[in-house]
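# starting from these lines, generate the structure:
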Amino acid sequence: MALRYRRVYGMLLLSFGICLVFLAVVVYPAFSSRGLDVWGPRIRELAPDFILEDLDGEKVRLVDQRGKVVLLVFSTTWCPHCREMPPYLNELHREYAGRGLVIFNIDIQEHPKKVRSYAASQGIKYRILLDAKAETATFYEVRGVPSLILIDKDGTIICRQCTSVGAMLGKLLPA
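Numbering: from 1, shown residues only. Below you'll find the model as predicted:
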């Protein structure tokens, strides 16, 4: 009889644990960060403005890029998937910068010297911005890196976690 109660008790604890994990991972983050939206800035909404410094200490404001297509790439130097992105982004920069594409790699919470060294070793050609306190990443509700957000010439978000950036840019910025 005691064994039976242990199994039932164990199953109840396991169920309770699963519920806690679900609440902690899914429900709490979705509703806690700003109390406004479930997922923050959405597709077809105006991209929230921000001001960040680049590696040279110059301030960059998103709203100043109106009239251009902007690709925001939230990343870190330690992320394995982020380390695969520079050659692809350099190619997009080479192909589309002359047509009006601006790529901002927004590095989250890392020391500028580390980011500068990483950028040099990777041969990065596009602009890197520093989100020292992760305020911009938090405002855009970045849930993992790399995270790509494509913004059209009017400043509207047209894609989050874009999987076909090249194809979309071909339509937005034809030759």
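# Gly98: what secondary structure?
When classified by DSSP: H, G, I helix; E, B strand; the rest coil, Gly98 comes out as helix.
# what's the neighbour count on it?
Counted with other Cβ atoms under 10 Å, residues neighbouring Gly98 total 10. The C-beta positions use only the backbone N, C-alpha and C, and glycine is treated the same way.
# ends of stretch 157-175, what's the gap?
22 Å (Cα to Cα, to the nearest Å).
# how far is it from where the chain is centred?
Taking Cα atoms, centre = their mean, to the nearest Å, one finds the center of stretch 157-175 at 16 Å from the center of the full chain.
# please apply the same query to stretch 80-87.
Remark: stretch 80-87 is offset 13 Å from the chain centroid, using Cα atoms, centre = their mean.
# what's in contact with it?
With contacts defined as Cβ atoms under 8 Å, 6 or more residues apart in numbering, stretch 80-87 is touched by 73, 75-77, 122-124, 145-146.
# just the buried ones from the residues you listed?
73, 75-77, 122, 124, 145-146 (16 or more other Cβ atoms under 10 Å).
# from those, which land in helices?
Gln122 (DSSP state H).
# which among the buried ones among the contacts of stretch 80-87 gets closest to Gln161?
Pro146 (9.2 Å; Cβ to Cβ).
# now the element after the helix or strand harbouring Leu130, going C-ward?
According to DSSP states H and E, Leu130 maps onto strand 127-131. Once strand 127-131 ends, the next helix or strand along the chain (criterion: DSSP H and E) is helix 135-139.
# if we can go back for a sec, ok, of the contacts of stretch 80-87, which one's closest to Ala175?
Ala175 lies nearest to Val73 out of these, by Cβ to Cβ, at 23.1 Å.
# by contact count, what packs against the strand holding Leu130?
strand 51-54, strand 101-108, helix 112-122 (3 or more Cβ pairs under 8 Å, 6 or more residues apart in numbering; DSSP states H and E).
# which residues of the protein score low on pLDDT?
Applying pLDDT under 70 to the chain flags the ranges 1-6, 8-40.
# what ranges do the strands span in it?
Counting by DSSP state E, the chain has these strands, from start to end: 51-54, 59-61, 69-75, 101-108, 127-131, 147-151, 157-160.
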